[in-house]
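Trainee: here are the coordinates; sequence isn't available:
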């Protein structure tokens, strides 16, 4: 079974925290020990794990990727969102996190983020739990 | 059990569509619900999910990564393919996709791609299905 | 059950080989066929698979990422390690490798690496085995 929830992003680029929502899927489904796979069915956003404390980290990640994968390039794709496609490929569409004693196992500073690069949009997040 | 198939890439860099081949592995093995892991046993190619409609997206991804991870750098590795190794690390060697009702679950615009950065070569793709 | 081991990195940036340690977890736990998930509970290091032969490949990956995700940028995060956070997002915190006949399945040239970007530190690596 795939569990699904929606995320409404609010800017062109954003790291939207989905840690609580994924935690809830794990809790509600009573998985004691296993793996939690998270996936986005999109091509201009991705999933990442990074710092959940200082919001400047999110801002720096977005700002530097904007410079690194510059909009100023002879792209051919007519929709104008090629940088978003490239960032999505680099960041990746999936994450795998462990579950023990009924809870998602993350490091102290880790949060789960949907990385929006072509917003604002309503995005879907898919979650699948595997025992193990 | 690991299922294997080969992909013959035709250029130095290429995003080779492997969606159909992976779909077939899922179908032939009768997995109803679970997870499909895909892996490449190589160090100069990777796996990505991205747009399956406009081929200009693939072209833009390849062209921009060529600029971002430039060949014009004081690399030491004597084989001359260091940019391919770096791109492979960034894109990653594995993908995890969900399976429901016997079918691979992808977003409308998503396809699975072997990202060749040091071709042309014959590459192997490994697939493993886990119930869940 | 999650298996854990520590890695002591020795430089600011380093690709620390963890192939042997992960192999051992697989062997000691007697998994015949399945999937080995590896995860780091950190936000300034990542996990990658790349060449295990010429050490110049590791050196080139580190050197080029230092240029691509430059320290010379108007970062706001006061700790000064924003490039490490960005590299960790791009490389990713997890890997999925297959297990058959009791052994980790890797390509001839592949090794598993903890990619340190903000060392030296003592890092944790988490491993979880799923039958399949």
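Mentor: That came in fine, so what should we check first? Quick caveat, the model's predicted, so the values are computed rather than measured.

Trainee: which SS state does residue A:119 fall under?
Mentor: Here residue A:119 is recorded as coil under DSSP: H, G, I helix; E, B strand; the rest coil.

Trainee: Verify the contact between it and residue A:9 for me.
Mentor: Yes. Applying C-beta atoms under 8 Å as the test, residue A:119 and residue A:9 come out as touching, 3.8 Å apart. Using the backbone N, CA and C atoms, a C-beta is placed for each residue, glycine as well.

Trainee: which neighbours do these two share?
Mentor: residue A:45 (C-beta atoms under 8 Å, 6 or more residues apart in numbering or on different chains).

Trainee: Can you pull up the residues of chain A that come close to chain C?
Mentor: A:33-35, A:48-51, A:54, A:56-57, A:59-61, A:63-65, A:67-68, A:90-92, A:95-98, A:100, A:105-110, A:115, A:130-132 (C-beta under 8 Å from any C-beta of the partner chain).

Trainee: Take the residues you listed and keep only those in strands.
Mentor: Judged by DSSP state E, strands contain the following of the residues of chain A next to chain C: A:34-35, A:48-51, A:95-98, A:100, A:105, A:110, A:115, A:130-131.

Trainee: Could you tell me which other helices and strands the helix or strand hosting residue A:88 packs against?
Mentor: Assigned by DSSP states H and E, residue A:88 belongs to helix A:82-91. The elements that helix A:82-91 packs onto, with contact taken as 3 or more C-beta pairs under 8 Å, 6 or more residues apart in numbering or on different chains; DSSP states H and E, are strand A:45-51, strand A:110-116, strand B:45-51, helix B:55-68, helix B:82-91, helix C:82-91.

Trainee: So which of these is nearest residue C:16?
Mentor: helix C:82-91 (13.0 Å; C-beta to C-beta).

Trainee: could you give the angle of that closest one to strand A:45-51?
Mentor: 140 degrees (axes from the mean of the first three to the mean of the last three C-alpha atoms, to 10 degrees).

Trainee: Identify all contacting residues around helix C:82-91.
Mentor: Residues contacting helix C:82-91 (C-beta under 8 Å, 6+ apart): A:48-51, A:57, A:60-61, A:64-65, A:90-91, A:115, B:89-90, C:42-48, C:65-66, C:69-71, C:73, C:75-77, C:115, C:117-118.

Trainee: Of the residues of chain A next to chain C, just the buried ones, ChimeraX syntax please.
Mentor: Entered in ChimeraX, the line below selects the buried ones among these, by 16 or more other C-beta atoms under 10 Å in any protein chain shown:
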select /A:34,35,48,49,50,51,54,56,57,59,60,61,63,64,65,68,90,91,92,95,96,97,98,105,106,107,109,110,115,130,132
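
Trainee: so residue A:2 makes contact with residue A:128?
Mentor: Yes. Between residue A:2 and residue A:128 there is a contact at 5.4 Å, judged by C-beta under 8 Å.

Trainee: more crowded one of these two?
Mentor: Ranked by neighbour count (other C-beta atoms under 10 Å in any protein chain shown), residue A:2 and residue A:128 place residue A:128 first, with 25 against 14.

Trainee: In terms of pLDDT, where does the more buried one sit?
Mentor: Listed pLDDT for residue A:128 reads 98.

Trainee: again with the one 4 residues further on
Mentor: pLDDT recorded at residue A:132 is 90.

Trainee: cool, residue A:92 as well?
Mentor: According to the prediction, residue A:92 has pLDDT 98.

Trainee: residues touching it, list them.
Mentor: Here residue A:92 is in contact with A:46, A:47, A:48, B:48, B:92, C:92 (criterion: C-beta under 8 Å, 6+ apart).

Trainee: The same query, at a cut-off of 6 Å, please.
Mentor: Neighbour list for residue A:92: residue A:46 [criterion: C-beta atoms under 6 Å, 6 or more residues apart in numbering or on different chains].

Trainee: Could you pull up the contacting residues of whichever residue of chain A sits closest to chain B?
Mentor: Residue of chain A nearest chain B, by C-beta to the nearest C-beta: residue A:41 (2.9 Å). By C-beta under 6 Å, 6+ apart, the contact list for residue A:41 reads A:124, B:107.

Trainee: so what's in contact with residue A:2 and residue A:128 at the same time?
Mentor: residue B:98.
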